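Q: need coordinates for the below:
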Amino acid sequence: MKPLSKSKNKKKNGLLSIGMAYIGKIFIVGTLIGIITCCIVVSMLAIYFLNMISGDEKINLEDYKVNYTTIIYGKDKKTGEPKEISRLYKNGENRIWEDIENISSYVTLAIIAIEDQRYLAHNGVDWQRTISAFINEIAPIHKGRSGGSTITQQLVKNLTKDDEITYQRKIREMLLATYLEKNYSKQQLIEAYENMVYFGNGAYGIQAAAQAYFGKEARDLSLNEAVAIVATTRNPRALNPVTRSEANKKRSNWIFKKMLDLGFIKEEVYNKAVQEEIALKQQDNIVEKPKVQSYFIDNLIEEVVDDLVAQRGYTRAYAIDQFYSGGFKIYSTVDTDIQDHLEAKFLDNSTFPDANKNDRPQAAMVILDPHGKILGLIGGRGEKKGARVYNRATQSLRQLGSAGKPIAVYAPAIEYDLITYSSIVDDSYFKIENGKPWPVNYYGGYTGKMTIEKAMMRSTNTVAVKICNQLTPTKSFDFLTKKLGITTLIDQERINGKIFSDKNLSSMALGGMTYGVKVLEVAGAYQIFVNGGYYNKPYSYTKILDMKGNIVMEKNITPKMVISPETSMIMNRLLYQVANGPYGTGRAAKFRNLKFELIGKTGSTSQNKDLLFVGASPYYIGAVWYGYDEPREIKYYEYPPPIIWRNVMEPIHRDLPIIGFPTCSNVEILPYCGQTGHIAGPYCPKGGEGYYKKSSKNSAICTMHTSPAFPEGGIENNNFENNANGETPESGNQNIENTTQ
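A: Residues are numbered from 1 along each chain as shown. From the prediction side, this is the model:
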C-alpha cells in the first residue's frame, strides 16, 4: 500500500507543478499584454501631447456655439419693473446664461460632490479615477462602466458634442481638458459647466432649471432645491423630480451623504436635508405647454432682425439665428394688458358688426402711444395658429382711402399756409374723364362751396383733389415718404410693361396707391396730430442686451418735428369734427359711457374693398383695417371700422383720468366769416369758430365786409377752381376711382 501512496503523491505534485507553471505563463502573458497596452496608451498620449504642443489640440470656450434663450420683457404696471413675457429658443434648448456669482453655492458643492471630488486639485484629468476606470475596463471589478471623467472633461464633451466611444476620443478629451485648465480658471470652467448641462424638462443650465422647477432664480436655490436639480444629471428622465420624485429623493439623499463626508455640510444640516421635502412650482407650469406667440412678438422679431442687419451688418439668416440662440434680453414696448385685451376682442365675433355671419371679413389693429411706442398689435381675427404667420397689421398692403387726406393733403397744406381751418373750396368736379365728372363723392353729388372743416368732416373728395392739385402730388408724396415713414409708395415703376407712379392726384388725394400701405405705418403717421407735430417710427423695443448684460442695440427714440405745433393743433381740431361733428363719418367711434375727446378719420375705396379707421384719444392712437385677404366688396349695414375701434378702445380707457389733447399758445380760436371763410370782421355774416395760427392771422382776415352796407355775394375764389395746367398724372392704382368716406 505504501508504494501506491508514494505514486499518488508524485502524480499530485506533478499536476501542481504543471498548474503553477500554467498560472505563471498566464501572469507573464497578462503582464506583457498590460505592458504592451500601457505602451500603446502612453505612445498615443505622447503623440497627442506632441500635437497639443504644436497647437493642434486646442479648445476655447468663446469659439463654441451654444444656444441660449432669448427673453422678452414687458413692463409690470404694478411695480414699474420689467417682467418676462416670452422666451424663444432654438432646437428646444431653453438655456439662460448666469454668472457663477449669481448661482447658489449649493449647486457647485453638489456637483463637485458627485461628479468630481478632486476638482480643485487636479489639472483637468483625475489620474487616480482614470487608471481605476481603465483597469475596470480590462478586468471588470464594478458593474457597468466606471466613470473617470472630471467636470472639465465633461465640459469638453458638452462643447464638442463628441460622443464616440473610443480610446482615441477619450485621450483627445483628456488633452483638451488639460488645455482648458491651463487657460481658464476653475471658477470659469465650472461656471461654463453649470450653464451647459441638461437638467431635464427642457432646461439647459442651472438658471433655466431653477426657473422651470421652482420658479426662482439660481441664486435663490436652497440646499434641497439645488441638490434635487443636480441629482438629475445622471439620468434626467429617470431622476426627474416631477415625474420620478422618489428616485430623485433617493439620489438626493446619496448626494447629501457625499457632501457630509467631504465636509461641505454639517451633520445637523444633513439630518434636516434628508427629511425635508421640496416644494415644486405648480406642476402644470413646470413642463411648459406649447404657446403660440402673439402678433406683437412676431413683429418684434422682424424689427429686431431688420435692425441687426442694418446696424450690425449681419446677414438676415445670421440675424435670425442670433435672435433665437444668442441669449438676448429684449425690453419691449408692449402693454400686456392692452395686448391681451386685443387678442380677446379679436377672438370675439361680437366685436365686429359683420353683415353676413357666414362670411366674415378679416381685420387687423395697431395701438400706439402718442410717441410711436407699439403697445398692442394684432394681425388677424380668430385663433392664431403658429409663430411668425401672416400679419395683416404689418405685412398686408391695403388701400389707404380717405384716411390719407389728413396726412397727404390737409396737414402739409396748412403747414405751408395754403389753407386755413375755414378756407372755402367749391365742392364740384375737378375734370371730365372718359366723359364723366371726376372725382365723385360717396354721397353721390356736389354741394357747392364749403369750408375745410366741413370737407374734412364729410370726407369730400373734390375738395381734397383741388387742394392737392395746388400743393402738387409731388409734395404730398415727399411728405408721406420723407417725413411720415410711409415706405410702400413708388416714385415710378414698370409693371407688366406699364409705368406706374404714386405721384398723382388719385393716389395722394384719394388714397388709391399702386400697392397700398401698412396699417402700422398709417397709425404711426397720425401721431403728429396728438403730440404737437413730432414723428417717431413705430417701435416695439427700447434696448437689447446680450447674455452678459452688454448693450447690443438701443432704439433711437428721438422724435423729429415734421409739422409745427400750430399745424398739429389745427389738424387735431379738424379731425375732432370727423368723430364728433353732425356730418362726421367717424361718429360711431365715440365712446358710449366715457367722455374722452376723440379724433379720427375714415378711409375706404369706392368698391368697398378696404375699410379703415384711424382714431386717437389723448392716450392712444389706434388704426383698424377691415376687409378680405383677397380684395372684394365688403357688405355692411353700418361702417364697421369705427365700431370695432370703439369696442376695443373704450374698455382700455375705463379707468384712466380724463385729459385733453395738447394745445398750442400760438393758435387762436376766432370766429370766421360765413361767406369768405376768413377770420370774421365786425360786419361779417356769422360762420362759426375756427383755429388759426397767430403768424398768419393778418393775411386770413376777411376784407370783403368792411362796413355795415356791403354787396351780397362775392365769395373769393381762393385759387382752388379747376386748373387745366395743374399737375394731374395718371392714378397709380387704376382700380381706384375715388374714395367713399
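Q: give me the mean pLDDT for the helix or strand hosting residue 411.
A: Element membership for residue 411, per DSSP states H and E: helix 411-415. Averaging pLDDT along helix 411-415 yields 97.
Q: packing partners of the helix or strand following that helix?
A: Sequence-wise, the next helix or strand downstream of helix 411-415 (DSSP H and E) is strand 424-427. With contacts taken as 3 or more CB pairs under 8 Å, 6 or more residues apart in numbering; DSSP states H and E, strand 424-427 sits against strand 448-451, helix 452-458, helix 461-471. (Glycine included, C-beta is placed from N, CA and C.)
Q: and the average pLDDT for the longest one is what?
A: This means helix 461-471. 97.
Q: phi and psi next, for residue 667.
A: phi -110, psi 130 (degrees, to the nearest 10).
Q: which ones are touching it?
A: Listed by CB atoms under 8 Å, 6 or more residues apart in numbering, the contact set of residue 667 reads 565-566, 569-570, 691-694.
Q: the most centrally placed residue in the chain in helix, strand or coil?
A: The chain has residue 300 as the residue nearest its centroid, 2.3 Å off, counting by CA atoms, centre = their mean. Taking DSSP: H, G, I helix; E, B strand; the rest coil as the rule, one finds residue 300 in the helix state.
Q: mind listing what it touches?
A: Shown in contact with residue 300 (CB under 8 Å, 6+ apart): 72, 330, 332, 334, 540-541.
Q: widest-spaced pair of the residues you listed?
A: Pairwise distances across the contacts of residue 300 (CB to CB) peak at 10.6 Å, for the pair 330 and 334.
Q: straight-line length of stretch 464-477, end to end?
A: End-to-end distance for stretch 464-477, by CA to CA, to the nearest Å: 14 Å.
Q: residue 107: what's it in contact with?
A: Here residue 107 is in contact with 194, 206, 218, 221, 226, 229-230 (CB under 8 Å, 6+ apart).
Q: can you check residue 436 too?
A: Taking CB under 8 Å, 6+ apart, one finds nothing in contact with residue 436.
Q: phi and psi next, for it.
A: phi -120, psi 150.
Q: check residue 576 too.
A: According to degrees, to the nearest 10, residue 576 has phi -60, psi -40.
Q: leaving aside the residues adjacent along the chain, what's closest to it?
A: Spatial nearest neighbour of residue 576, chain neighbours left out: residue 599 (5.0 Å); criterion: CB to CB, 6 or more residues apart in numbering.
Q: repeat that for residue 693.
A: residue 566 (4.4 Å).
Q: returning to what we had before: can you list the contacts of residue 300 in JSON lines and add pLDDT?
A: Below are the contacts of residue 300 laid out as JSON lines (pLDDT from 0 to 100):
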{"residue": "72", "pLDDT": "96"}
{"residue": "330", "pLDDT": "97"}
{"residue": "332", "pLDDT": "98"}
{"residue": "334", "pLDDT": "97"}
{"residue": "540", "pLDDT": "98"}
{"residue": "541", "pLDDT": "98"}
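Q: can you pull out the low-pLDDT segments for the stretch 551-700 of the chain?
A: Filtered on pLDDT under 70, the stretch 551-700 of the chain yields the residue ranges 698-699.
Q: please, where are all the strands along it?
A: When assigned using DSSP state E, counting those that start in this stretch, the strands of the stretch 551-700 of the chain occupy the ranges 551-554, 560-561, 599-604, 610-616, 621-627, 667-673, 686-693.
Q: my read: the residue nearest to residue 576 touches residue 579, true?
A: Yes - counting by CB atoms under 8 Å, residue 579 is a contact partner of residue 599 at 5.7 Å.
Q: need the residues touching each of these two.
A: Counting by CB under 8 Å, 6+ apart, the residues touching both residue 599 and residue 579 are residue 615.
Q: so residue 364 belongs to a strand, correct?
A: Yes - under three-state DSSP, residue 364 sits within a strand.
Q: so it bridges to which residues?
A: According to DSSP bridges, the residues that bridge with residue 364 are residue 625.
Q: brilliant, that's me finished.
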